[in-house]
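Peer 1: model the following, please.
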Amino acid sequence: MKQSTFDKLNQITDYINGIINDHQGVGLSVAIVKDSDIIYSKGFGYSRVKPVNSPIDGDTLMSIQSISKNFVALSIMQLVENKLISLDDTVVQYLPYFRTKNKQQSDTITIRHVLSHTAGFPSDLGIANMIAPNVKEIFSDTPTEFQEALDYYNLTEEEIRGIKSREDITKWFQRVELEYPVGKGWNYCTDSYVILADLFEKVTGSNWETHLRDEILTSLNMNRTTGDSDKVEKDENSARYYLGKERIETPFPKNSISAPIGYLYSTANDLGKYLAFHLNKESNILRSELVEEMQNPIHLVSEEWRFASEVRSYGLAWFTDIYKGFRVVEHGGGQMAVRALMTMVPELNLGVVVLLNFDGTTHHDICDKVIDVFIESHYKN
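Peer 2: Numbers count the residues shown, from 1 in each chain. Down below sits the predicted model:
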């Protein structure tokens, strides 16, 4: 490695050390990809504090929340490549039981609409997260908190107990009223990605997680990425999650039916390998033009997701933006004390992964710092 690269990475390490000093008792892991290689993999702080402090590193298993959606989208694009579906096919063509309150409207929703969050669904449906097996533990701060959550989402306990499969969630959408005409707006509807996994399984006749393991993860040597929460909880090098200044340990994020929306687990190193694939587009996993299509913006995101940007958009499970004149392609994830971010700057052939086991915006601060360091180097060269 060149001395200039060492200097850049040392600068990044010093910056992160300064941050983690203000966050005692928690941790983060970072991987940086340049060209085709992971040039930086480091952990800071701790993955868990009980029964003893456990150091975090680039192989620590962590919840990645909504980054999981990107793996669903990639699986769908593989069906496109194999000519089993087209992105502009309607969902109902493959899932005849799919409908919303207005069947005439929902019959026009395409796979592309669902992938790009332009189908017209509201954002706060709640159904996919509320079926977590430990949902009552999640909403347990007060005796009434669980009922308050049900009321917020206009759900009943009987209703969520009745969800036993991904097909059940797809069928649940019959009670949903669209917020805008199909394809004419954007709203981040996390629940809808369960529909995509249901569609994948109906088209292929196979379990999505099995396909993910055999056709994506194994090919990319992502040996520690999984949807098996039991396996992750038992792994000695796996994180726990700590909320607020008091560092209160939160319920472990798990929800097998809703794995496609945010219940996969990975490591900084594995996600670094994943970014290398998307940056270089050289793999037997998916044709380069389809990888590129995933990264192309389809629609501007709504105001609350724009972060003051005029151009922040969404493609097929990728946000796109401009940062200091450079195109950025990224996806993040978060829930309670989980924070995850994977970002690419194609012009720099740079990828950044930041995973936290605490809440806040530190993942974005670190990612911006890494990009700043490499932008400065780019202009010097």
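
Peer 1: buried sites along stretch 268-285?
Peer 2: Of the residues in stretch 268-285, 268-281, 285 count as buried by neighbour count, 16 or more other C-beta atoms under 10 Å. Yep, even glycine has a C-beta here, placed from its N, CA and C like the rest.

Peer 1: do stretch 124-133 as well
Peer 2: Neighbour counts over stretch 124-133 (16+ other C-beta under 10 Å) mark 125-132 as buried.

Peer 1: what is the mean pLDDT for stretch 254-261?
Peer 2: For stretch 254-261, the mean pLDDT works out to 98.

Peer 1: what residues does it touch?
Peer 2: Under the contact criterion C-beta atoms under 8 Å, 6 or more residues apart in numbering, stretch 254-261 has outside partners 66, 68-69, 71-72, 128-129, 131-134, 163-166, 169, 190-191, 193-194, 196-197, 208-209, 227, 229, 233, 262-263.

Peer 1: mind giving me the PyMOL select for the residues you listed, buried ones only?
Peer 2: In PyMOL syntax, the buried subset of the contacts of stretch 254-261 is picked out as below (16+ other C-beta under 10 Å):
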select buried, resi 66+68+69+71+72+128+129+131+132+163+166+169+190+191+193+194+196+197+208+209+227+229+262+263
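
Peer 1: keep only those of the contacts of stretch 254-261 that are in helices.
Peer 2: 68-69, 71-72, 128-129, 166, 169, 193-194, 196-197, 208-209, 229, 233, 262 (DSSP state H).

Peer 1: quick check: which ranges of the stretch 1-150 of the chain have low pLDDT?
Peer 2: Counting by pLDDT under 70, the stretch 1-150 of the chain contains low-confidence residues at 1-3.

Peer 1: show me where it has strands.
Peer 2: Secondary structure of the stretch 1-150 of the chain, counting by DSSP state E, counting those that start in this stretch: strands at 27-34, 37-48, 54-55, 62-63.

Peer 1: among the ones you listed, which comes closest to residue 365?
Peer 2: Evaluated over the strands of the stretch 1-150 of the chain, closeness to residue 365 peaks at strand 27-34, with 10.7 Å, by C-beta to C-beta.

Peer 1: could you pull out the helices for the stretch 201-350 of the chain?
Peer 2: 208-211, 229-234, 259-262, 268-280, 288-295 (DSSP state H, counting those that start in this stretch).

Peer 1: tell me which of the buried residues of stretch 268-285 has the lowest pLDDT.
Peer 2: Out of these, that is residue 281, at 84.

Peer 1: ok so, going back, from the buried residues of stretch 124-133, which is closest to residue 57?
Peer 2: Nearest to residue 57 among the buried residues of stretch 124-133: residue 132, at 27.7 Å, using C-beta to C-beta.

Peer 1: if I pick the closest one, what's in contact with it?
Peer 2: Residue 132 touches 138, 253-255, 258, counting by C-beta under 8 Å, 6+ apart.

Peer 1: one more: residue 279?
Peer 2: The neighbours of residue 279, taking C-beta under 8 Å, 6+ apart as the test, are 33, 35-36, 344, 346, 349-351.

Peer 1: do that again at 6 Å, thanks
Peer 2: 344, 349, 351 (C-beta atoms under 6 Å, 6 or more residues apart in numbering).

Peer 1: and if you look at residue 251?
Peer 2: 134, 137-138.

Peer 1: now these in JSON lines, with distance to residue 364?
Peer 2: Output for these, formatted as JSON lines (distance: C-beta to C-beta, whole Å):
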{"residue": "134", "distance to residue 364": "28"}
{"residue": "137", "distance to residue 364": "29"}
{"residue": "138", "distance to residue 364": "24"}
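
Peer 1: check the buried residues of stretch 124-133 and tell me the two furthest apart.
Peer 2: Farthest pair in the buried residues of stretch 124-133, by C-beta to C-beta: 125 and 132, 14.3 Å.
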